[in-house]
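Participant: output the structure for:
(chains A and B)
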Amino acid sequence: MAWLVVRLAISVSLLYTASAVFEDQVGKFDWRQQFIGKVRFALFDTHSQASKKLLVATDKNVFASLNSRTGDLFWRHVDKTGPEGHIDALLMYGQDAVVVVGNGRLLRSWETTVGGLKWEAVLDTGSFQAAALVGVQDFVKYVAVLKKSAISLHDLSSGSQIWVENLPDSDTVQYQTIYSGGNGLVFVLGFVPNSHIVIVEYKIEDGEIMKKKSVEAAWMSSLENSCAVISSGILLCVDQITQSLYTLPLQSAEQTEMRQIHLQTLDLEVASGFQPVLTSTQPNPAQPPLAEFFLQLSPDHHILLQLKDGLIAPLRDFNPSYLAAFATSGEKTVAAVMSPKNDTACSINLFSADTGRRHLDTTIIYHMDPNGGKPNRLYVHAFLKKDDSVGYRVMVQTEDLTLTFLQQPGRVVWMREEALADVVTMEMVDLPLTGTQAELEGEFGKKAAIQDGLLPMVLKRLSSQFILLQAWMAHLWKLFYDARKPRSSVKNEVTIDTLSRDEFNLQKMMVMVTASGKLFGIDSKSGTILWKQYLEDIQPNSIFKLIVQRTTAHFPHPPQCTLLIKDKDTGLGSLYVFNPIFGKKSHISVPALPRPVLQTLLLPVIDQDYAKVLLLIDDQYKVTAFPSTKNVLQQLQDTASSIFFYLVDTSQGKLSGFRLRMDLSTELIWEVVIPTEVQKIVAVKGKRANEHVHSQGRVMGDRSVLYKYLNPNLLAVITESTDTHQERSFVGIFLIDGVTGRIVHEAVQRKARGPVHFVHSENWVVYVYWNSKFRRNEFSVLELFEGAELYNSTVFSSLDRPHPPQVLQQSYIFPAPISTLEATLTEKGITSRHLLVGLPSGNILSLPKMFLDPRRPEVVSEQSREENLIPYAPEMPIRTEWFINYNQTVSRVRGIYTAPSGLESTCLVVAYGLDIYQTRVFPSKQFDVLKDDYDYVLISSVLFGLFFATMISKRLAEVKLLNRAWR
Amino acid sequence: MATIRALSLILSVLSIITLLWTQSGECNNGRRVGEAVDTDFSGFSVPLEHSFEVDDVPRFHLRGALQFRGGRENSVYLSQNQLSEKDRNILKEVAAVDGLYRIRVPRVSLQVDRQTERQSEGYLTAFVRACSLVESHLSDVITLHTDVSGYVIGISIVTIPGSCRGIEVEDEVDLEVFNTTISVVAPVTAPAPETAPYIERMEQEMEKKGKNPQEQKSFFAKYWYLILGGAVFLMATSSAQTPPGAAREQS
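Facilitator: Residues are numbered from 1 along each chain as shown, chains lettered A, B, ... in the order given. Here you go, the predicted model:
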């Protein structure tokens, strides 16, 4: 019977927390955007004229097909992260795309229309050098892969290996390039630095070495980029030091040294310090490449040259020009060159490759985004028009990873912001008031009231009321106007001008910081990018910290965000202050940070402009305040003795606490040292500053209260043992008071290993670790209670809490790996909490905190039932209806951000990784909102019916009374 | 497992050992006497130093000696000196300006056999507000925290009561002798998922079920008389239109 009760209790509790999206709610308040990352290879499908496919391979190990008309994804394959899934090469022939993955570990062929895998071949070990399609008699049949010490040939249709041969003298010779001109031979080019070039000739049929020769080349330091094969198998190299071009026919037996052509004889010169780049084109792998090639002499100087009868002649000089690329359609090969037009625009023109003549009416104007980066890659899609002339479209990739697809005469067909594939940190900021609301606010500003007299105030009031009336009329007109149009055509375009807070504050501005240094302002309701700003000169390994110094609540002061950019190696930082709503850089003077920044601290202290004060602590423990006005410094002096901060030095395992002094210097007040020989600190987390806890305690079954230990200064420190043996490894959890340095609780999870994900909130810490003995993921929850009585119920002070809290802990098995962990957050903290668990499968699980409660009883009792405690079960359930993103999986989820909305029941969630997904969650269901399918008609008709019934019956009663009186 | 054998228990010992040895001025400023206090115990001792200065620049001097006893139960005793009159006055002055009272211990390992092996550099420090120490009449609780292998990683000090209400402490005697509770705390082992008791419980439930034949019976077997009764009642009340077979099928 008890078992039945247990099951009943579980099922009832599940019923209570079950929250899934209904089918008609899909996409109503959630959206997903998929990204691919920085494009490394892009190929247009030129197989058929009508094809819209664009194949891309990116640095995020993504291989995808884009619709070149809309920029949407046809399909996308996300490989493993890191070098294992690194895409080394992408080749395309007809319907097949051949990809080399993982430093030459795998060779895969994909069907490009649906993205299905045709075959996969595992290659021998060895670091990848080059891959090329090999054709015989005008048909491409093979793909050749060059490794450091071997070359292999594979059949293109089945992937089977035809032959593999070791390269001669591979320990001294660096083989880098592979070439085949369709004449039954494969050439492998290698070189010994500053000595000679080695050319090995293989027969396609059986891999027999036909010829091997070495040619003197004392000037050579690299084959890639500086060499290319042009015309009918002529190796062409360029050298910066000797300022010369060198040519060598690959097949000729008689020529034993490279022919030198001084660039001077062509009236050319390589810019000093620039490594010249040769670009040739081989439109069909089964045929030799063209005799024309680009030579880049400086970052903005290209020249189109032609090799004819052993002589090199310039066809056209492009000076200045940023980018140049070849493209082929049918039999025609063209060259597209991007040249600067003026400060804000570039022009792209098409030239025929064989003559260098400009095609008429082929200019595309590319407008550079003033808040973006410079273009750095150009991909051209050429096609034949009906009149047999060549038309083209281009895709431009910029430094800030924007992909822009343009067509003549400069229309942007689509744009992708691939920087968003690598979001580092984000914040959500409330939207500002509307213009009319702001007008009203401004009217009652403090200054205005004092300065103006009675009459101007009355006039002001009237004028603002008039403006309100006007706005209302406009709104009505719009409603009327929209009502006549079919519903589908009514689009609420969100622009930066129409931004305003909605009544429940559900729409917010998402400020996202990406690894490339580009900032985005995204509307949380629709996912539209409202502003973007590229910060130049950001080191690739910078650390970003985004701080909201002033929210939108302080009209007329604009909201203010500060981004701390810190170099990982030197620790030197800089501040970038901007308005999060419009993305504009603020003109506030920013303190210079000459020393590495160790710690930042956002104080609740505000200056006269309502900006919170940010303290930056440098490596000499000196404090810089921002903003540092007199007012702020005065306030800091007054409160200095109650400002404490902590520093973590993971290399020494040291946690130290400091107190601010009056003169903004600091003093060391506590020190905790965790020896690094045994364990190392992996993470330290405090609580979120904007978190509210509604209830001070928990009501127990016997109606007594168990008070929570709500220490806002508590730090959760997670360590991992240095010993990784599965029996001896452990994870350490320290709860340390950040003010006094008191170790409140110290626990070790034995036979456990990282990576540890954890959430620290209210009076609990939840962490996930890997149990190395049982090989499974486990959840553990720690809850801290003061006990049945509060020490000081009015205020919490770390300095005055002598009694250590009671700590309860319980662990559970979690049957899935975990990528990230976060807790929901609501306005007042009344709503029950859920944990949002990002799974590697791309799902986001909303796990009720109820399941992670250390007071879950082993044996059910009357009291535990009273308290609604679920009986303890060691395994944590995963229910598919708990996936808040149903089938909208988020690839490689790296972080989840939660923000409260104006509705207590609703928490806004953004999950980011390779994709971005935004939704709302209702941990305790929508208790403060009427349901979507609420029957307004019924309720109002019943109301009106009752009203009229009362009226009528009243009238009837009156008549009856009158009649009776007459009788 | 053997390395932590000595640390599995938490023992708190109340030690109020007063050394009847009056300090002579500031002759022991920052002097390390830890090595000298070795006694005939099998354990060892380390100095506990404190600092309270009006200008708030720490100058540590000896407060007492922490004596550790190795062995199974990690016990610690604190033998400490009385506060001199000068110190008492300074402490009161510091309390008046809301200064800090700091203590520190050197970083040591409580494992006796590891003592010689490694003497780590540096100290672990902690503080309380001097006023709370004065107002609590020098009753404080000092806790030493160790890690799994027995190194002391942190020290904490709290006074009971911990508040500063601005009460004047007139009686000099109250500020002479420390009333200290000292303990060593080793990390607790966090619980792993408890599968064994759960399975046991499940098995018990199953057994119970097996023993009680009432539980095993199906729904129909248990309530056949009710269903039959219901069916008869239905048949009796319903009109002749319903064929009698329908009701039987329902049961």
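
Participant: where in the stretch 1-150 of chain B is pLDDT low?
Facilitator: Within the stretch 1-150 of chain B, the ranges that satisfy pLDDT under 70 run B:1-43, B:70-74, B:112-120.

Participant: ok, which stretches of it are helices?
Facilitator: Counting by DSSP state H, counting those that start in this stretch, the stretch 1-150 of chain B has helices at residues B:85-96, B:130-135.

Participant: just these: most buried one?
Facilitator: helix B:130-135 (a mean of 24; mean count of other C-beta atoms under 10 Å in any protein chain shown). In short, each C-beta sits where N, CA and C put it, glycine included.

Participant: from the contact counts, what lies against that one?
Facilitator: On a contact count with 3 or more C-beta pairs under 8 Å, 6 or more residues apart in numbering or on different chains; DSSP states H and E, helix B:130-135 meets helix B:85-96, strand B:100-106, strand B:152-159.

Participant: out of the ones you listed, nearest to chain A?
Facilitator: strand B:152-159 (3.9 Å; C-beta to the nearest C-beta).

Participant: what comes up buried for the next helix or strand after that closest one?
Facilitator: As assigned by DSSP states H and E, the chain's next helix or strand after strand B:152-159 is strand B:179-185. For strand B:179-185, the buried set under the neighbour-count rule, 16 or more other C-beta atoms under 10 Å in any protein chain shown, comprises B:180-185.

Participant: what about residue 58, neighbour count?
Facilitator: No chain in the question, so chain A it is. By other C-beta atoms under 10 Å in any protein chain shown, 23 other residues sit near residue A:58.

Participant: the chain in question should be chain B.
Facilitator: Neighbours of residue B:58 (other C-beta under 10 Å): 19.

Participant: distance-wise, check residue A:58 relative to residue A:105.
Facilitator: According to C-beta to C-beta, to the nearest Å, residue A:58 and residue A:105 sit 18 Å apart.

Participant: repeat that for residue A:183.
Facilitator: Here the criterion is C-beta to C-beta. By it, residue A:183 lies 31 Å from residue A:105.

Participant: what does residue B:96 give?
Facilitator: Look at residue B:96 and residue A:105: by C-beta to C-beta, they are 73 Å apart.

Participant: same deal with residue A:26?
Facilitator: 39 Å.

Participant: more neighbours: those two, which one.
Facilitator: residue A:105 (18 against 12).

Participant: which residues of the stretch 801-950 of chain A lie near chain B?
Facilitator: For the stretch 801-950 of chain A, the residues in contact with chain B (C-beta under 8 Å from any C-beta of the partner chain) are A:801-802, A:809-813, A:858-859, A:872-875.

Participant: sort out for me which of these are in strands.
Facilitator: Among those, DSSP state E puts A:809-813 in strands.

Participant: circling back to that earlier point, just give me the closest of the buried residues of strand B:179-185 to chain A.
Facilitator: Comparing the buried residues of strand B:179-185 against chain A with C-beta to the nearest C-beta places residue B:185 closest, at 6.8 Å.

Participant: tell me the contacts of the residue lying closest to the closest one once chain neighbours are set aside?
Facilitator: Spatial nearest neighbour of residue B:185, excluding adjacent residues (C-beta to C-beta, 6 or more residues apart in numbering or on different chains): residue B:145 at 5.1 Å. Residue B:145 is in contact with A:672, A:743, A:746, B:152-156, B:184-186, counting by C-beta atoms under 8 Å, 6 or more residues apart in numbering or on different chains.
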